[in-house]
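K.L.:
Sharing a model that was predicted from the sequence below.
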Amino acid sequence: MRRSGISGRLLVGFNEGSFAIWALYPKFRVSLDGRYEELYTEGTLSDVRCAQEASCPEQGRLLTAINPDAVIARTGRFDAGGEAGA
């Protein structure tokens, strides 16, 4: 990702966020990381988690609102079409 032409907002889960900051800053800004108690509201935590879950009924709305330029997702947790990934 560092060598790609992509940069900007990165939708990433809690566990991957701190690593993404370390590995990809300043090219990407993460949606969530280990500083959650100091930086993020409960609403933000909930929204990011839901945006990554295909079973969340609000996923499409949240993806539109978050508007990520890139997504790091675990297999089986995310699919923009609303189906669980393989």
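P.N.:
Here it is on my side, so go on. Numbering: from 1, shown residues only.
K.L.:
check contacts around Leu11.
P.N.:
Neighbouring residues of Leu11 by C-beta atoms under 8 Å, 6 or more residues apart in numbering: 31, 48, 51-52, 63, 66, 68, 70-73. Bear in mind the C-beta positions are built from the backbone N, C-alpha and C, glycine included.
K.L.:
Can you report how many residues neighbour the closest residue to it other than its chain neighbours?
P.N.:
For Leu11, ignoring the flanking residues on the chain, the nearest one in space by C-beta to C-beta, 6 or more residues apart in numbering is Pro68 at 3.7 Å. By the criterion of other C-beta atoms under 10 Å, Pro68 has 18 neighbours.
K.L.:
The residue nearest in space to the middle of the chain pairs with what?
P.N.:
Centroid-nearest residue in the chain: Leu11, 2.1 Å away (criterion: C-alpha atoms, centre = their mean). Note on Leu11: beta-bridge partners by DSSP bridges are Val71.
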